[in-house]
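Enquirer: coordinates only, no sequence provided:
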């Protein structure tokens, strides 16, 4: 069981340390694999379709592939989240990492945009599942009072993974974009260590003993449905805005006057630089979010960060700024992306233990289906060369997300284990 008396990392058990390392590395490679496509998506799709990157059909098909990725992410969150409750956290974590590593590597061999779409969809199944399982693994093994900081450290793992993707993209600038996907195979080797060194959590073992795992339908039963619907709405709306920015910011960067005149290698480098500024800002924002959660509580911290995300999106995309100003604004946007780190430790404990990875995975990731539709819509909108305006409008979605977040249960309050119908 958790030990609230723990005040120093030196007091952590071997199981806690190993669980922390496994979750952190899983999230690191999560970030790596999820952002490889955002760096080379337009170039790779143009290559597969034998069209110039400026052709509107490239933007449309690139957005369709990204939409398939987000749908796969959502379905993977539900599917592997369910496996996490049935098989255990450690076993399911291994399966998620093998899935996203294997299919990211297979993207290298794609010879049509349809094949690339299938590979991205299947890779996303693993990425979506890893989020809920890694978060639940730490929520069940590390001290409760540490959760805001654990959330920050875990989210930093994703950011570091994206920075690794940026490094790989920088090294690959000017070369065949498909090469980048071979880097995504590396996480598969992590699973050899996890399977041997990371045991199942005591909390899951105790909850599982002599009890049937509740059905997915219990998420909408009387004991849990209030939380389920609120979390679904928050995630669906905020992730639509968030992923619209993350995917389409690349086209915004290449549309800037200083970048548009550069050769291909220069434009590729600018995309890496832009994403790097976002991630550096996000590393700071993760700990800013953690500090706000300790000071204000989860609910108020989430609302504050979402309103800040809205404000900086309005400033950044209300007009066309210089490349230097845009980089600073991207860093500030990255800082407010720390709000999604709070979801890591805030959401899983809101669900009963045997519905924990199912509930957190389903609610957080189902929002990506809505985000997928939004990405395609913005891709169609971008055909009339209005990427800046599309991103401006997307920022308004943080307003309703913040309003619903105000109705979350009291900060750090966990639901008791209810008497579920399927038990």
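Expert: Arrived safely. Since this is a predicted model, take the numbers as computed values, not measurements. Residues are numbered from 1 along each chain as shown.

Enquirer: any low-confidence regions in the stretch 301-423 of the chain?
Expert: Along the stretch 301-423 of the chain, the parts satisfying pLDDT under 70 run over 367-368, 371-386, 410-423.

Enquirer: helices along that one, start to end?
Expert: All helices of the stretch 301-423 of the chain, identified by DSSP state H, counting those that start in this stretch, fall at 323-336, 339-346, 356-381, 387-395, 398-405.

Enquirer: among these, which comes closest to residue 85?
Expert: Closest of these to residue 85 is helix 356-381, at 5.0 Å (criterion: Cβ to Cβ). Quick note: C-beta positions are derived from backbone N, CA and C, even for glycine.

Enquirer: which strands or helices does the helix or strand where residue 137 lies pack on?
Expert: Secondary structure from DSSP states H and E places residue 137 in helix 113-139. Secondary-structure packing of helix 113-139 (3 or more Cβ pairs under 8 Å, 6 or more residues apart in numbering; DSSP states H and E): helix 14-49, helix 56-87, helix 89-106, helix 147-171, helix 339-346, helix 356-381.

Enquirer: give me that answer again for 6 Å
Expert: Helices and strands touching helix 113-139, as assessed by 3 or more Cβ pairs under 6 Å, 6 or more residues apart in numbering; DSSP states H and E, comprise helix 14-49, helix 56-87, helix 89-106, helix 356-381.

Enquirer: ok, which of the ones you listed comes nearest residue 112?
Expert: Comparing the helices and strands packed on helix 113-139 by Cβ to Cβ, helix 14-49 comes nearest, at 5.8 Å.

Enquirer: what's the angle between the closest one and helix 147-171?
Expert: Helix 14-49 and helix 147-171 meet at an angle of 40 degrees, taking axes from the mean of the first three to the mean of the last three Cα atoms, to 10 degrees as the criterion.

Enquirer: report the mean confidence score over helix 14-49.
Expert: Helix 14-49 comes out with an average pLDDT of 85.

Enquirer: name the residues of that helix that come out as buried.
Expert: Buried residues in helix 14-49, counted by 16 or more other Cβ atoms under 10 Å: 16, 18-20, 22-48.

Enquirer: and it with helix 113-139, angle?
Expert: In terms of direction (the same axes, to 10 degrees), helix 14-49 departs from helix 113-139 by 170 degrees.

Enquirer: tilt between helix 14-49 and helix 89-106?
Expert: Using the same axes, to 10 degrees: helix 14-49 against helix 89-106 is 20 degrees.

Enquirer: quick revisit: nearest to residue 169, of the helices and strands packed on helix 113-139?
Expert: Nearest of the helices and strands packed on helix 113-139 (Cβ to Cβ): helix 14-49, 4.2 Å.

Enquirer: how far out from the middle of the chain is the closest one?
Expert: Centroid separation for helix 14-49 versus its chain: 10 Å, with Cα atoms, centre = their mean, to the nearest Å.

Enquirer: ok, residue 108 touching residue 176?
Expert: No - contact criterion Cβ atoms under 6 Å: residue 108 and residue 176 do not qualify, at 9.4 Å.

Enquirer: who has more neighbours, those two?
Expert: Comparing residue 108 with residue 176 by other Cβ atoms under 10 Å, the one with more neighbours is residue 108, at 17 against 12.

Enquirer: next one: phi and psi at the nearest residue to the more buried one once chain neighbours are set aside?
Expert: Using Cβ to Cβ, 6 or more residues apart in numbering and skipping residues adjacent in sequence, the residue nearest residue 108 is residue 181, 4.5 Å away. Main-chain dihedrals, residue 181, degrees, to the nearest 10: phi -70, psi -20.

Enquirer: residues near residue 209, how many?
Expert: Applying other Cβ under 10 Å, I find that residue 209 has 7 neighbouring residues.

Enquirer: can you tell me the element residue 111 falls in?
Expert: Under the assignment here (DSSP H and E), residue 111 is part of no helix and no strand.
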